[in-house]
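Chemist: fold the following.
(one chain, ligands or ions: 1)
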Amino acid sequence: MEDLIAAAAAVRENAHAPYSGFRVGAAIRTPDGRIFAGCNVENVAYPEGTCAEAGAIAAMVAAGERRIAAIAVIADSPAPVPPCGGCRQRIAEFAAPDAPVTLATTAGATMRTHVAALLPGAFGPDHMAS
Ligand code: THU
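Modeler: Sure, this is the predicted structure:
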């Protein structure tokens, strides 16, 4: 998991966060071992900003991958940074419920959880079955 945290920390350096000042990095490992990374990209029209997790997912999908085997998120926060509600749903779209999620701080704290714990009772394709 250290390499995933390192990838998230590296891409965090590229975050565009002039409004919040809160830079976030995320890195996804796919089942074949590849890593895709993303950072938050804010916009002066605030709601148009995107989270680091969304960027990492977009990079993964653009490369033709569809499965998140593991994901790590890092920020300079007092406690390991949790994904926002929208990103929990975005992650659940591509990850098994037991897929590991590592939340980290730039100071070195980590918290390990999994997708189902972040989003219990997630809305999924089965709920649209008629
Ligand atoms: N942010 C992320 O990129 N990921 C998270 O998990 C939490 C929040 C970003 C969005 C915004 O650019 C900044 O952090 C402050 O909310």
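Chemist: Ala27 sits in which helix or strand?
Modeler: strand 24-29 (DSSP states H and E).
Chemist: what strands flank that strand, and is each parallel or antiparallel?
Modeler: According to DSSP bridges, strand 24-29 forms sheet pairs with strand 35-39 (antiparallel), strand 70-75 (antiparallel).
Chemist: contact partners of that strand?
Modeler: 4-5, 7-13, 15, 17, 35-40, 51-53, 55-57, 59-60, 68-75, 81 (C-beta atoms under 8 Å, 6 or more residues apart in numbering). Just so you know, the C-beta spots here come from the backbone N, C-alpha and C atoms, and that holds for glycine as well.
Chemist: near the ligand at all, stretch 89-106?
Modeler: No. Using C-beta under 6 Å from any ligand atom, stretch 89-106 never reaches the ligand; the gap is at least 8.5 Å.
Chemist: now that stretch: buried residues?
Modeler: By 16 or more other C-beta atoms under 10 Å, the buried positions in stretch 89-106 come out as Arg90, Ile91, Ala92, Phe94, Ala95, Ala99, Pro100, Val101, Thr102, Leu103, Ala104, Thr105.
Chemist: picking that back up, okay, the strand holding Ala27 in PDB with CA atoms only?
Modeler: Taking C-alpha atoms only, strand 24-29 is exported to PDB below (Å, rounded to 0.1, in the frame of the first residue of the first chain):
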ATOM      1  CA  VAL A  24      -5.700  16.300  -2.200                       C
ATOM      2  CA  GLY A  25      -4.200  13.400  -4.100                       C
ATOM      3  CA  ALA A  26      -5.800  10.000  -4.900                       C
ATOM      4  CA  ALA A  27      -4.300   6.900  -6.500                       C
ATOM      5  CA  ILE A  28      -6.100   3.800  -7.700                       C
ATOM      6  CA  ARG A  29      -4.600   0.300  -8.200                       C
END
